[in-house]
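Visitor: Need the 3D shape of this:
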Amino acid sequence: LGPCLDICYEIYEDVACGNEIRSVVNAGNRFDRFPMGKIDQTAMWKVGEGVRAERQKRAESGDDGIPINPFTAGAYVALMMATVITLREKGHGFSEVC
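Guide: All right, here's what the predicted structure looks like:
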C-alpha cells in the first residue's frame, strides 16, 4: 500500500488545504489563452474505442470473460484500500467512505 497511501494522503491534503481548488480556478482563468484540446482523435481515445468494441463483440457472442491483468487488478485494490485507510485516518465515517 506504500506508494498508493502516499498518493492518497497527498491528494487529500491538497484538497483539504485548498490547493486543489486553487489549481482548478487558475486553470479556468487560463482557459482563454490555453483552451482544452480535443481528445476524441488521440491515440489513447482510439485504443479505448477498440477495447470497447472488443468488449461488445465478446458480450454479443456470450463470452463475458474479459481478461484481467493481475498487476492492474492488484494496483486497483491497493489504491481502493489506501483510499479507505486515508479517509478513515482523517476522521471520515464508513458512511462517507463506502
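Visitor: what helix or strand does Asp40 sit in?
Guide: Under DSSP states H and E, no helix or strand contains Asp40.
Visitor: For Thr86, the count of nearby residues, please.
Guide: When counting by other Cβ atoms under 10 Å, one arrives at 21 neighbours for Thr86. Backbone N, C-alpha and C define where each C-beta goes, glycine included.
Visitor: same thing with Glu54?
Guide: With other Cβ under 10 Å as criterion, Glu54 counts 11.
Visitor: Repeat that for Met80.
Guide: Met80 has 12 nearby residues by other Cβ under 10 Å.
Visitor: where does it fall, phi/psi-wise?
Guide: phi -60, psi -40 (degrees, to the nearest 10).
Visitor: and it, what pLDDT?
Guide: On pLDDT, Met80 comes in at 96.
Visitor: Repeat that for Ile39.
Guide: pLDDT, Ile39: 82.
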